[in-house]
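Enquirer: following is a predicted model, sequence given first.
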Amino acid sequence: MVSPPRTSWLRRGDEVFEGRTRARTTVLNQLLLGGVVLVLATVGLMGRFSGDRGLFFAGVVVIFLATAAAIAVPWNSVSVYASAIIPIVDIIAIAMMLEASTTSGFSLLWIFPAMWLAGSFAVPGLILGVSAICITYMVQTAEIDVSVATLLPPFAVIALATTSYLTARRSRMQRYLLDAQTRLLGQALARARQQEESVTEALDAVDFGIIRVAADGRIAVTNDAHARIQSIRDPGDPAAAAVILPAFGRDGITPLTTEQQPLARALRGETFDDEVVWFGDPGDDRRALTVTARRVHNDDGTPAGSVVVTRDITTELSAIRAREDLVASVSHELRTPLTSIVGYLELVLDEDLSPSARRGLEVAERNANRLLTIIADILTASGSGRATIELSIHPEPTDVSLIAASAAELHAPRAAERGIEIDTSGLETAIADVDPSRIRQVLDNLLSNAVKYNRDGGSIQVGTTVDRDHAWIVVRDTGTGVSVNELPRLFQRFYRSDAVRKTSTHGSGLGLSISRDIVRSHGGEITAQSEVGVGTTFVVRLPVGAASPQNAPEGSS
């Protein structure tokens, strides 16, 4: 097995560890043998000893001296093979003891140095120990008759020495494997730390706040931008603690409690998109943030918490508000002279005029009225998009089918000019608490588009119905339709599809946006389905009960 290259400090660490292990092994092995010999010596002194007592105790003394040397010598500071002297001395000492009494069984003590040499010095130690012991034993027992008792000690020494060698080899291989795994884990940990630092630096560099919420609701990761865009510091004291600003809702006026703020909701596991929150008291230097919370999952699909993204949109909202203020101001200025022009045109048309003059004035009147309609749409859009202004809704019990029938009757003459049939057979009584004038405005927008962008000889179907909770309005035409890619943008302000731009009659692109704001102000929703060349279907869902004031138009912020 080839181990990966090691750095110098790793090699030094291994050498220190191996030196300490070698010293500890020398002391423990010798103490074990010395203890056994001490017991035998005690028994020999106290009992009868059949043999050369002087030679026996000489061997015991040699073993005790070797034990003292094993304890006293710093084996971790000398050569690796120097410690092999101790077991070799033990073999000689045990031979002296065996020579003193060949029938005493002292040959079994050779197991200790044999296992020591095999376990500490691998194959060379195994061969040296077994060879020395077997040769010495054979020389000492040459005059004794061969029997099972005389053959048992060398075979036991060989077997136990081999077992010690294999065990030590397996331990060394396991250590090498553990060292390799430790190095790999160290490298993986270093890479993980480096990646964590890189991610942290990247998160701190962006200008939007990011928070990673763990599955238990604990904030696991956050970046500097999150705290920076939600709090302020004293510019004269950068080390001062941040001041947490009070939070307000989308309208900039309704205060939010701690539990109502987006972060607290995300910690509870809620998900939401583009929640607008104002930080700072009205009239102060305020900051508007949009907050999005999304759930994340582990590979096995189990919840892993959520991610909260916060973005500062103060500049954007300020620009939108400035644009709407400009649009509203210009529209107001234009509406007054246009109203005067329309009034004078009506007065002139009441006079006796030549046919050509009447036709010219009628064209001027139609275009002036169209301009007034566009200006009214722009004023409505700019008013509904302000943070502090909502569409005024005055709900009352109303039969929506009557409003739809009246709107269809108004647009029937224009539809008849192009051979378009308006089918009102699907109108059913549908009573709901709505603002009749606002719902009429929605239906006028939908039917006007259905006639304007229909094909000659086409048809329009208008239907109403009601269930336990909602009233439904359906307007379906056989017009040009819009593509799948354009459908999600159909309700955006000032957006006009390709099919609309190709027609001779261009709208302002505000009708559907205003209609959606009106429906949402009632607590309902408007959706569209369309297919190019087939037609478009609009479905309006309105709550049967009173309008929900908390459902502000999407344009408000």
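Expert: Alright, I've got the coordinates.

Enquirer: and P303, bridged to which residues?
Expert: Here P303 sits in beta bridges with H297, going by DSSP bridges.

Enquirer: who are the neighbours in contact with it?
Expert: A215, G269, R295, V296, H297 (CB atoms under 8 Å, 6 or more residues apart in numbering). Every residue, glycine included, has its C-beta placed from N, CA and C.

Enquirer: among those, which two are most distant?
Expert: G269 and H297 (12.6 Å; CB to CB).

Enquirer: give me the more crowded residue out of the two.
Expert: More neighbours surround G269 than the other of G269 and H297, with 14 against 11 (other CB atoms under 10 Å).

Enquirer: any idea of the pLDDT on the more buried one?
Expert: G269 carries a pLDDT score of 79 in this model.

Enquirer: same question, V475
Expert: pLDDT, V475: 95.

Enquirer: sec struct for it, please.
Expert: Counting by DSSP: H, G, I helix; E, B strand; the rest coil, the backbone at V475 sits in strand.

Enquirer: who touches it in this structure?
Expert: L443, L446, L447, A450, I460, Q461, V462, T537, F538, V540.

Enquirer: who does it bridge with?
Expert: V462, F538.

Enquirer: shift numbering so it begins at 244
Expert: That works, and once the first residue is 244, the last one we named lands at V718.

Enquirer: what's the spacing between S680 and I665?
Expert: From S680 across to I665, the span is 21 Å (CB to CB, to the nearest Å).

Enquirer: the two: which is more packed in?
Expert: Using other CB under 10 Å as the criterion, S680 and I665 rank with I665 on top: 21 against 12.

Enquirer: just the CA trace of stretch 335-351, in PDB.
Expert: Extracted in PDB, the C-alpha atoms of stretch 335-351 (Å, rounded to 0.1, in the frame of the first residue of the first chain):
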ATOM      1  CA  ILE A 335      19.900 -15.800  26.600                       C
ATOM      2  CA  ALA A 336      18.700 -15.500  30.200                       C
ATOM      3  CA  ILE A 337      15.800 -17.900  29.700                       C
ATOM      4  CA  ALA A 338      18.300 -20.300  28.100                       C
ATOM      5  CA  MET A 339      20.400 -20.100  31.300                       C
ATOM      6  CA  MET A 340      17.300 -20.800  33.400                       C
ATOM      7  CA  LEU A 341      16.400 -23.800  31.200                       C
ATOM      8  CA  GLU A 342      20.000 -25.100  31.400                       C
ATOM      9  CA  ALA A 343      19.700 -25.000  35.100                       C
ATOM     10  CA  SER A 344      16.700 -27.300  35.000                       C
ATOM     11  CA  THR A 345      15.900 -28.800  31.600                       C
ATOM     12  CA  THR A 346      12.800 -30.500  32.800                       C
ATOM     13  CA  SER A 347      11.200 -27.400  34.500                       C
ATOM     14  CA  GLY A 348       9.300 -26.000  31.500                       C
ATOM     15  CA  PHE A 349      11.100 -22.700  31.500                       C
ATOM     16  CA  SER A 350      11.200 -22.900  27.700                       C
ATOM     17  CA  LEU A 351       7.700 -21.600  27.600                       C
END
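
Enquirer: what are the contacting residues of it?
Expert: 280, 283, 292-299, 301-303, 305-306, 309, 352-353, 356, 379-380, 383-384, 387, 396, 399.

Enquirer: next one: stretch 264-284
Expert: With contacts defined as CB under 8 Å, 6+ apart, stretch 264-284 is touched by 300, 303, 306-307, 309-310, 313-314, 317-319, 323, 326, 329-330, 333, 340, 349, 352, 355-356, 359, 362-363.

Enquirer: now a PyMOL select for only the buried ones of these.
Expert: Here is the PyMOL command that selects the buried residues among these (16 or more other CB atoms under 10 Å):
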select buried, resi 300+303+306+307+309+310+313+318+319+326+329+330+333+340+349+352+355+356+359+362+363
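
Enquirer: just the contacts of stretch 264-284: which are in helices?
Expert: Among the contacts of stretch 264-284, the members falling in helices (DSSP state H) are 300, 303, 306-307, 309-310, 313-314, 329-330, 333, 340, 355-356, 359, 362-363.

Enquirer: from A531, how far out is R265?
Expert: R265 is 72 Å from A531, where distance means CB to CB.

Enquirer: actually T379, not the one I typed
Expert: Counting by CB to CB, the gap from T379 to A531 is 96 Å.

Enquirer: neighbour count winner among these two?
Expert: More neighbours surround A531 than the other of T379 and A531, with 22 against 19 (other CB under 10 Å).

Enquirer: phi and psi next, for the residue nearest to the more buried one when sequence neighbours are not counted.
Expert: Nearest residue to A531 in three dimensions, chain neighbours excluded: T557, at 4.6 Å (CB to CB, 6 or more residues apart in numbering). Here is the backbone geometry of T557 (degrees, to the nearest 10): phi -60, psi -50.

Enquirer: number of residues surrounding T557?
Expert: Neighbours of T557 under the rule other CB under 10 Å: 16.

Enquirer: that one is in contact with G523, isn't it?
Expert: No. Counting by CB atoms under 8 Å, T557 does not reach G523; the two are 9.6 Å apart.

Enquirer: now do the shared contacts for those two.
Expert: Common neighbours of T557 and G523 (CB under 8 Å, 6+ apart) are R529, R530.

Enquirer: figure out how far stretch 398-410 is from the centre of its chain.
Expert: 57 Å (CA atoms, centre = their mean, to the nearest Å).

Enquirer: what about I331, how many residues close to it?
Expert: 15.

Enquirer: apologies, that question was intended for G700.
Expert: Here the number of neighbours of G700 (other CB under 10 Å) works out to 10.

Enquirer: if I look at S293, how far off is A284?
Expert: Applying CB to CB, the value for S293 to A284 is 15 Å.

Enquirer: okay, these two: which has more neighbours?
Expert: Just comparing S293 and A284: by other CB under 10 Å the higher neighbour count belongs to A284, 18 against 9.

Enquirer: tell me which element that one falls in.
Expert: Per DSSP states H and E, A284 falls inside helix 251-289.

Enquirer: cool, and D666?
Expert: D666 is part of strand 664-670 when elements are defined by DSSP H and E.

Enquirer: what's next to that strand, contact-wise?
Expert: For strand 664-670, the surrounding residues in contact (CB under 8 Å, 6+ apart) are 644, 647-648, 651, 654-655, 658, 690, 701-708, 717.

Enquirer: of those residues, buried ones?
Expert: Buried by 16+ other CB under 10 Å: 644, 647-648, 651, 654-655, 658, 690, 701-708, 717, out of the contacts of strand 664-670.

Enquirer: next step: those restricted to helices.
Expert: Short answer: the buried ones among the contacts of strand 664-670 in helices (DSSP H) are S644, A647, A648, A651, H654, A655, A658, L690.

Enquirer: tell me the spacing between the third one and L403.
Expert: Plainly put, A648 is 108 Å away from L403 if you go by CB to CB.

Enquirer: any stretches of the stretch 544-693 of the chain with poor pLDDT?
Expert: Within the stretch 544-693 of the chain, the stretches with pLDDT under 70 are 567-568, 570-575, 613, 617, 620-635.

Enquirer: switch the cut-off to 80
Expert: Flagging of the stretch 544-693 of the chain using pLDDT under 80 yields the residue ranges 544, 560-579, 581-583, 585, 587, 606, 608-636.

Enquirer: all helices of it, in order?
Expert: Assigned by DSSP state H, counting those that start in this stretch, the stretch 544-693 of the chain shows helices spanning 557-592, 598-627, 643-660, 679-695.

Enquirer: so which of these is the most packed in?
Expert: With neighbours defined as mean count of other CB atoms under 10 Å, the helices of the stretch 544-693 of the chain peak in mean count at helix 679-695, which reaches a mean of 22.
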